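1. Turn this into a structure:
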Amino acid sequence: MWNVVGLSLVALLVIYITHWIAKWRNPKCNGVLPPGSMGLPLIGETLSLIIPSYSLDVHPFIKKRLQKYGPIFRTSLAGRPVVISADPEFNNYIFQQEGKSVELWYMDTISKVFVGDTKANATGVIHKYIRSTFMKHFGAENLKEKLLPQMEDCVNKTLHAWSSRASVEVKHAASVMVLNFSAKQMISYDAEKSTENLSEKFAEVIEGLMSFPLNIPGTGYYKCLKGQKKVTTMLRDMLKERCNSPETHRGDFIDQLCNDMEKEKFLTEDFGVLLIFGGLFATFESISAVLTLAFSLLEQHPSVLQELTAEHDAILKNRENPNSPLTWDEYKSMTFTLQVINETLRLGNVAPGLLRRALKDVTIKGYTIPEDWTIMVVPSALYLSPKSFKDPLKFNPWRWKVRVFGP
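-> As a prediction, the model looks like this:
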């Protein structure tokens, strides 16, 4: 009898697991899903995506599936169903639908680190506030009036320090330089006087950011959250101190938050802390990655370096005093420098994917993305496509003399 019961339970378990796997592989949809695979139950195809790629090309995970399924396909990452798109028409439509049928979204690891428990979503008035606030402190007007000489001084000091070393790990050193400069503008941080080493704390966050969201001691994700907590605790204490002591205001980013928190209902203390944290992180990781790539590309392409050097030498020769600071007119005259920057940004692939979440079923190009699914738009697929750029993996700044999309 007990053998029969045991066999029956095993059979029911097998049937249940088989049904669950079938349901996982064939998600419910009120239309036609994009082609693709949901991978293994729970983890999906996450492991294939988080493997680092050291090529300038589109990540192998995405490129392989674009070749197999076409410009729009489905997958599962970190337990969530995802539609990935490299289709320009589809991507434009998704961006136009923001705040209507889709909203900004973050995978679990990034959401926990950058969004925390705040319910604020960067749409409408909040998005407008974030943009205007950062533009006020880092936009062209402030660059012209204040930041340009400060940036030049920061770079000169950094290069002088590098010159005395036997070798320099460019990515880390550039991260420290950019973070210290940005932190000075945002929170009046002085790296030489502060007892807190911001760069070390942010490095801890970076190490586990793209890890699987498993919050267990010893995992990369655990270390990432621990590093994030250290930084946000420091920023929270600083924000409280500034807001409670108006006489200490210095006119920086954090002071503006203190003033605006009295006017804007959405601008809570939690949101303000994460806004500062996100702004600092963006400069720490993305700008330093582009700078490192620029160093590498210039070393590999001496003709580009030669023309770039000639442009800057000409600026120095036209000065009455070669040691005078960089002027706004000189900065605006660096046409080839801008071409080099544009080409480095094109190849840099700083944002491999932009995430949105479907607020309701979204139907486009014959496919339906079910409500609550994540949508990943892949801009690099356009920038690295031979349909947009001739020899897309070739470093060619001269292509930006006259830039129109198409080979």
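2. C154: how many residues sit nearby?
-> 16 (other Cβ atoms under 10 Å). Quick note: C-beta positions are derived from backbone N, CA and C, even for glycine.
3. quick one: it and L235, what's the gap?
-> Separation of C154 from L235 (Cβ to Cβ, to the nearest Å) stands at 21 Å.
4. and if you look at S388?
-> 40 Å.
5. These two: who's more crowded?
-> Legend: neighbour count by other Cβ under 10 Å for S388 and L235, higher for L235 (21 against 16).
6. For the more buried one, which three-state class applies?
-> When classified by DSSP: H, G, I helix; E, B strand; the rest coil, L235 comes out as helix.
7. and it, what is it in contact with?
-> Counting by Cβ atoms under 8 Å, 6 or more residues apart in numbering, L235 touches I187, V273, I276, F277.
8. Next one: K240, what pLDDT does it get?
-> K240 carries a pLDDT value of 92.
9. Could you list which residues are in contact with it?
-> E269.
10. oh, and call the first residue 59 from now on, that's how I've got it
-> Will do, 59 is the new start, and the previous item becomes K298.
11. what about it, which helix or strand?
-> Using DSSP states H and E, K298 sits in helix 278-302.
12. in that helix, what counts as buried?
-> Using 16 or more other Cβ atoms under 10 Å as the test for burial, helix 278-302 gives 278-279, 281-283, 285-286, 288-290, 292-294, 296-297, 300-301.
13. roughly how far out does that helix sit from the chain middle?
-> With Cα atoms, centre = their mean, to the nearest Å as the basis, helix 278-302 stands 20 Å off its chain's centre.
14. Kindly report the same for stretch 195-202.
-> That offset, for stretch 195-202, works out to 21 Å (Cα atoms, centre = their mean).
15. Same check on stretch 213-227?
-> Using Cα atoms, centre = their mean, the offset of stretch 213-227 from its chain centre is 27 Å.
16. Counting by contacts, list what the helix or strand where E262 lies packs against.
-> Take DSSP H and E as the rule and E262 turns out to sit in helix 256-267. Packing contacts for helix 256-267, counted by 3 or more Cβ pairs under 8 Å, 6 or more residues apart in numbering; DSSP states H and E, involve helix 166-168, helix 228-245, helix 278-302, helix 327-340.
17. among those helices, which is nearest I399?
-> helix 228-245 (14.6 Å; Cβ to Cβ).
18. Which other helices and strands does the closest one contact?
-> Applying 3+ Cβ pairs under 8 Å, 6+ apart, one finds that helix 228-245 contacts helix 183-196, helix 206-221, helix 256-267, helix 311-318, helix 327-340, helix 346-358.
19. centre of the chain versus the first one, how much separation?
-> When C-alpha coordinates are averaged (Cα atoms, centre = their mean), helix 183-196 and its chain have centres 17 Å apart.
20. Also the fourth one?
-> Taking Cα atoms, centre = their mean, one finds the center of helix 311-318 at 24 Å from the center of the full chain.
21. Show the average pLDDT along it.
-> 92.
22. Tell me how many other residues surround L442.
-> L442: 20 neighbours (other Cβ under 10 Å).
23. any idea which helix or strand carries E161?
-> Assigned by DSSP H and E, E161 belongs to strand 160-162.
24. All good on my end, thank you.
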